[in-house]
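Peer 1: Generate coordinates for the sequence data below:
(2 chains)
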Amino acid sequence: VITYTTIICGLCREGHVILAAHIFRSMQRQGVLPNVYTYNAMMDGHCKAASPSEAFSLFQEMLRNGLWPNIVTFGTLIDGSCKVGDLVSAQMLVACMMKQGILPNALIYNCLIDGYCKACNVEEAVCVYSGMTKLNIWPNVFTYSILIKALCNKYRGVEAAALLHKMQQAGIQANLVTYNTLIGGYCKQQNMDAALKICSLMIENRIEPDVITYASLIDGYCKQGMVNLAMGLYSEMAIKGLTPDVVAYTALIDGHYKDGNLNEAFRLHKEMEDLGITPNAFTLSSMVDGLSKAGRVNEAVKFLQGRMELTDLTGTTPSQGPDASPDWRYSLPNRITYTALIHSLCRDGQIVKAQKFSRDMRIFGLRPDVVTYNVLMWGQCQSRHLLNAMSLHADMLKMGIEPD
RNA sequence: ACACAUGAAGUUU
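Peer 2: Numbering: from 1, shown residues only, chains lettered A, B, ... in the order given. Sure, this is the predicted structure:
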């Protein structure tokens, strides 16, 4: 059982949930019965794949098999529910576990607080927070990081920094994630001076900046149009022995495109591939959008078609079976990539080709969203095809997409 | 052998 559980856990962590589910079934066929740990691991896999409903049916199954859920079981399901914004289910699970005499711990309160914060319901988050302190369950470094992030998202950077102080005074040391959260928050607000101040604070506290720290700063500088400073950090990473990852590269590529420096964007794109860092849908979107906005629409089309042929080749051979290798799935274009391309074709007056790609994306199972429809309607209006624009509008209503 | 927090891309000329 321990061997199987370890394997299932590892597969889930790598994103191979479907494969893990097959192992989970085949172990039972071989007479090895899953225990609470196995069920917990499998449920967590489903939750992390954003399908808590699968996890809930396993939960029912484990109850039918006479296994008692423990605090990890509830923590897993509560986190999964919170992550998809289903706070009603999360609260029901809390009530359910308490009825069984299991009291929620700080981890479970953290999941609820994070869930409410991400649902933009800070009042409820604060309620949960005071609820836990009243029960003498003390907020930990996770709790504070979650709250700091929520304040940053509300453009309350000053209060976020104050909370950093408060946690230190409560005897809780900020860690790498806490600092990165604040740095990222300031970078997003384009307050690079404040971000750098937090960097020096973390270094004073002997916490080494990592790839995420650098990527946040790089993106912040790129968005300020200070690509030279971003490149300075990029070379600093190399000296420190840190390799930029796909996120850092994508931020730089996007920054160079928006700076009008296409050659540097191309160079970085080639460099990351040479290093074995697979460009993902974000990278593809930046490439397509950058090429398009530089007036090189047809190259953007060719680039994307080239990528798709490439992924088809690698996608059919090594990843047969029930699970798909994320290597090729992640490098496929997504809805945003297509929308960027459709927009550029519309801008270029190639409305028929834009419609072709709009059909293609559906064939690949990608649902257009409100931005895609906005772009398509804008394209029709540009061509003075007003009735086509209206039928697109009717279409989106029929698909249940709210116009904005 | 099991659960919690951090960074990148598209519409509004």
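Peer 1: quick one: contacts for residue A:341?
Peer 2: Residues near residue A:341 by CB atoms under 8 Å, 6 or more residues apart in numbering: A:288, A:292, A:300-301, A:304, A:333, A:357. The C-beta positions use only the backbone N, C-alpha and C, and glycine is treated the same way.
Peer 1: how does it look with 6 Å?
Peer 2: A:288, A:357 (CB atoms under 6 Å, 6 or more residues apart in numbering).
Peer 1: ok, now residue A:195?
Peer 2: Residue A:195 neighbours (CB under 6 Å, 6+ apart): A:183, A:186-187.
Peer 1: filter the residues you listed by proximity to RNA strand B?
Peer 2: Filtering these for neighbours of RNA strand B using CB under 7 Å from any atom of the strand leaves residue A:187.
Peer 1: Pull out the buried residues from stretch A:377-388.
Peer 2: The neighbour-count check on stretch A:377-388 (16 or more other CB atoms under 10 Å) flags A:377-380, A:388 as buried.
Peer 1: Narrow those residues to those in strands?
Peer 2: Among these, no member falls in strands (criterion: DSSP state E).
Peer 1: and the two most separated of those residues?
Peer 2: A:378 and A:388 (11.6 Å; CB to CB).
Peer 1: Next up, the contacts around the residue in chain A that RNA strand B sits nearest to.
Peer 2: For chain A and RNA strand B, the shortest gap (CB to the nearest atom of the strand) falls at residue A:75, measuring 1.9 Å. By CB under 6 Å, 6+ apart, the residues touching residue A:75 are A:107-108.
Peer 1: Look up which helix or strand it falls in, please.
Peer 2: helix A:71-83 (DSSP states H and E).
Peer 1: Could you point out the helix or strand that follows that helix?
Peer 2: As the chain continues past helix A:71-83, the following element, by DSSP H and E, is helix A:87-99.
Peer 1: Out of the contacts of residue A:195, which is nearest to residue A:159?
Peer 2: When those are ranked by distance to residue A:159 (CB to CB), residue A:186 comes first, at 12.7 Å.
Peer 1: quick one: which helix or strand includes the closest one?
Peer 2: Residue-wise, residue A:186 maps onto helix A:176-188 under DSSP H and E.
Peer 1: For RNA strand B, tell me whether the very next helix or strand once past that helix is touching it.
Peer 2: Following helix A:176-188 in sequence order, the next helix or strand is helix A:192-204 (DSSP H and E). No: Helix A:192-204 is not in contact with RNA strand B by CB under 7 Å from any atom of the strand; minimum separation 11.0 Å.
Peer 1: May I have helix A:192-204 as PDB, with CA atoms only?
Peer 2: Extracted in PDB, the C-alpha atoms of helix A:192-204 (Å, rounded to 0.1, in the frame of the first residue of the first chain):
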ATOM      1  CA  MET A 192       9.800  49.300  -8.100                       C
ATOM      2  CA  ASP A 193      11.400  51.300  -5.300                       C
ATOM      3  CA  ALA A 194       9.200  49.700  -2.700                       C
ATOM      4  CA  ALA A 195       9.900  46.300  -4.300                       C
ATOM      5  CA  LEU A 196      13.700  46.900  -4.000                       C
ATOM      6  CA  LYS A 197      13.300  48.000  -0.400                       C
ATOM      7  CA  ILE A 198      11.700  44.600   0.400                       C
ATOM      8  CA  CYS A 199      14.500  42.900  -1.500                       C
ATOM      9  CA  SER A 200      17.100  44.500   0.700                       C
ATOM     10  CA  LEU A 201      15.100  43.600   3.800                       C
ATOM     11  CA  MET A 202      15.000  40.000   2.800                       C
ATOM     12  CA  ILE A 203      18.700  39.900   2.100                       C
ATOM     13  CA  GLU A 204      19.400  41.500   5.500                       C
END
